Every structure is written in C-alpha cells, then in structure tokens.
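Visitor: Provide a 3D model corresponding to the input given below.
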Amino acid sequence: MALIGIFDSGIGGLSVLKAIRQGLPGESMIYLADQAHVPYGSRSLEEVRGFAEAITEFLLSKGTDLIVIACNTASAAALQYLRQKYPQTPFVGMEPAVKPAAETTHSGVVGVLATPATFQGALYASVLERFAHGVTVLQDTCPGLVAQIEAGNLEGKETQEILQAALLPMIARGIDRVVLGCTHYPFVIPLIQSIVGPEVSVIDPAPAVARQARRVLEAHGLSRSDQQAHSKGILAFFTSGEPEKLRALLPRLLDDGTVSQELRVRQAHWVEGRLLG
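Guide: The predicted structure follows:
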C-alpha cells in the first residue's frame with residue numbers, strides 16, 4: 001500500500017484528492033492545506049516555491065511515497081525544482097488542460113481561468129507554445145474567486161458575479177471550451193456551466209491527474225493490486241489554518257461517502273519557515 005501526499009494552498013486540492021480516491025480507493029492519503037498562506041495565486045513564484053519545499057519536507061517526514069502538487073500555482077513555481085531536489089521522490093503536478101481544449105475546440109476559441117501566478121509561470125507559457133497553435137486563448141484571473149470558494153460560497157451572488165465578469169466576455173468572443181487552471185474551480189463547475197450553457201465544455205483537470213498518479217505508482221511498483229477491494233485506505237488531513245473550518249467543509253466537498261463526521265483535521269504550524277505538525 002502506498003502513502004500519497006497531496007497539498008494545496010487551501011481546499012482546492014480536495015478536487016484532486018477526490019478524483020484520486022475514486023481511482024485508487026485502496027491507497028492511503030495525507031492532505032495538507034496551507035490555509036495560513038491562501039491564496040497562492042497572488043504571491044511571487046519564489047515565495048510559493050519556498051512554501052512548497054517546506055511542505056514537501058513535512059510530507060516526506062510522514063513517510064509519503066508519492067507527492068501530488070494539487071495546485072496549479074505551486075506546480076508552476078516548484079514542480080521542476082522539487083523533482084531536481086528530491087530525485088528519489090516521484091511528483092505529480094498540475095498544468096492547465098490547454099491541450100485537450102485546443103484539440104477538441106470547434107470554434108477555435110478557448111477560455112482559461114487561472115491565478116496570476118499560474119499565467120506568469122514558465123509552465124503555462126510552455127503549454128501554450130506546445131499546444132495552442134492556431135487557437136485563440138482567452139484568459140481571466142477571476143479575482144476573489146478562490147477566497148469565495150475557501151469560504152464555502154459555491155453558489156452565492158458574489159461568486160456568480162466573479163464568474164460572469166470572467167466568462168461573459170469570453171462567450172461573446174465565441175469560446176466553446178473553458179479550462180479550469182486552478183484546483184479550487186471544479187467546486188463551482190455547476191455555476192460555471194449554468195453561465196456558459198450546454199454548448200461550452202468545462203474541462204476539469206482532476207481526472208487526468210488521478211490517472212497520472214496511478215501510472216506513477218504502478219511504474220514504481222507502489223500501487224495495490226486489490227484496488228477494487230472493499231477496504232479503503234486511510235485519509236489524514238492537516239491545515240496550517242483553522243482545523244475546525246476545514247473539517248466542517250469536508251463532507252460537503254468530498255460528497256462521496258469517504259469522509260465521516262469523526263474524521264480529524266490536525267493542526268500544522270509554520271515555525272521559522274518550517275512546517276511542523
């Protein structure tokens with residue numbers, strides 16, 4: 001049985017954990033929400049890289065076999081750096097799903113919703129260079145959306161207004177694909193779909209990341225052979241923010257029966273640039 005470490009600035013990475021849990025129900029997972037520093041998207045890539053390195057040390061101290069950077073901003077800032085610094089540890093990161101959007105668009109216009117740091121990173125520039133030839137890519141940073149989702153406001157007026165401001169101009173220019181370049185955003189897919197309508201496909205990267213996590217585990221000989229067995233792996237949650245707030249949101253965000261009311265969320269503390277818990 002493998003132990004998978006997953007981290008994000010907040011609750012967004014739970015969309016990835018949920019997808020991995022569905023594909024690999026027998027594996028145990030540790031989730032770290034760095035809510036003391038959420039959101040990452042408005043921070044410098046250098047600062048986010050420092051957070052990601054400290055979180056990696058924290059997860060490795062717990063015995064993780066694979067680390068999933070369930071955050072587009074942290075992936076842009078730190079994925080290559082972490083792979084070089086920890087060559088014995090396999091990492092799976094996020095990149096905006098521009099490739100499937102560009103390959104399937106009929107209108108030739110796709111929209112990408114992501115944070116400023118993701119758009120500024122070399123990873124996103126590389127994705128555009130490799131896959132967006134002949135396609136018009138419209139971008140929006142959705143200011144304030146991560147904060148609304150962190151607060152559990154998935155359908156409210158403020159969240160709707162942020163998404164309308166981002167999406168309505170894109171619709172006017174003919175998008176038929178919307179790429180979610182932040183792991184928080186899948187939690188508002190119903191609202192996004194209600195704004196863009198049925199003719200526009202919304203692309204959630206979490207299932208693809210879950211498939212990649214499975215491939216990496218299998219390549220390293222770490223995956224359980226009885227994934228379809230009834231026994232499920234253990235889930236453990238840590239936050240550098242307020243544990244009770246995160247615990248209260250888990251049943252709503254992981255609405256697949258994997259989370260019980262008894263599940264604990266433990267406190268992690270930042271001390272002089274290190275994460276302890």
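Visitor: list the buried ones in the worst-scoring helix or strand of the chain on mean pLDDT?
Guide: Considering only helices and strands, the least confidently modelled element of the chain by mean pLDDT, DSSP states H and E is helix 116-120, at a mean of 90. Along helix 116-120, the positions that meet the burial threshold by neighbour count (16 or more other Cβ atoms under 10 Å) are 117-120. Glycine gets a C-beta too; all of them are placed from N, C-alpha and C.
Visitor: ok, now stretch 29-42?
Guide: Taking 16+ other Cβ under 10 Å as the neighbour-count basis, stretch 29-42 is seen to contain the buried residues 29-41.
Visitor: quick one: the least confident helix or strand of the chain to chain centroid distance?
Guide: In this view, helix 116-120 has its centroid 15 Å away from the chain centroid, taken as Cα atoms, centre = their mean, to the nearest Å.
Visitor: what's it packed up against?
Guide: Counting by 3 or more Cβ pairs under 8 Å, 6 or more residues apart in numbering; DSSP states H and E, the packing neighbours recorded for helix 116-120 are helix 45-61, helix 72-85.
Visitor: Report the angle between whichever helix or strand comes after it and helix 45-61.
Guide: Reading on from helix 116-120 to the C-terminus, the next helix or strand found by DSSP states H and E is helix 122-131. Orientation check (axes from the mean of the first three to the mean of the last three Cα atoms, to 10 degrees): helix 122-131 against helix 45-61 gives 100 degrees.
Visitor: could you pull out the helices for the stretch 151-277 of the chain?
Guide: In order along the chain, the stretch 151-277 of the chain carries the following helices (DSSP state H, counting those that start in this stretch): 157-172, 189-196, 206-219, 243-253.
Visitor: Pull out the buried residues from the second one.
Guide: Spelled out, it's helix 189-196. 189, 191-192, 195-196.
Visitor: What mean pLDDT does that helix get?
Guide: Within the predicted structure, the mean pLDDT of helix 189-196 is 98.
Visitor: which residues sit against that helix?
Guide: Surrounding helix 189-196, the residues in contact under the criterion Cβ atoms under 8 Å, 6 or more residues apart in numbering are 154-155, 159-160, 163-164, 167-168, 171, 175, 178, 180, 185, 200, 202, 204.
Visitor: domain assignment for the protein?
Guide: Dividing the chain into domains by automatic domain parsing, as the record does, gives the ranges 3-94+207-276, 98-204.
Visitor: Lowest average confidence across those domains, which one?
Guide: Between the domains of the chain, the one with the least mean pLDDT is domain 3-94+207-276; it has a mean of 91.
Visitor: ok, Val188 to Pro39 distance?
Guide: Val188 sits 15 Å away from Pro39 when distances are taken as Cβ to Cβ, to the nearest Å.
Visitor: How about Lys99?
Guide: When distances are taken as Cβ to Cβ, Lys99 and Pro39 turn out to be 25 Å apart.
Visitor: Then Asp140?
Guide: Between Asp140 and Pro39 the computed distance is 15 Å (Cβ to Cβ).
Visitor: cool, and Leu82?
Guide: Using Cβ to Cβ, one obtains 20 Å as the distance from Leu82 to Pro39.
Visitor: One more: Cys142?
Guide: Distance, Cys142 to Pro39, by Cβ to Cβ: 11 Å.
Visitor: Contacts only, for the spatially most central residue of the chain.
Guide: Most central in the chain under Cα atoms, centre = their mean is Thr183, positioned 3.1 Å from the mean C-alpha point. Thr183 sits next to 8, 12-13, 15-16, 70-72, 94, 205-206 when contact means Cβ under 8 Å, 6+ apart.
Visitor: Count the neighbours of the residue lying closest to it once chain neighbours are set aside for me.
Guide: Excluding its sequence neighbours, the residue lying closest to Thr183 (Cβ to Cβ, 6 or more residues apart in numbering) is Gly12, at 3.7 Å. Other residues near Gly12 come to 29 when the count uses other Cβ atoms under 10 Å.
Visitor: Same question for the one 10 residues further on.
Guide: Neighbouring residues of Gln22 were enumerated by other Cβ under 10 Å; the total is 13.
Visitor: list the contacts for the nearest residue to Lys85 once chain neighbours are set aside?
Guide: Among residues not flanking Lys85 along the chain, Glu53 sits closest, at 7.2 Å (Cβ to Cβ, 6+ apart). For Glu53, the contact set (Cβ under 8 Å, 6+ apart) comprises 78, 81-82, 85.
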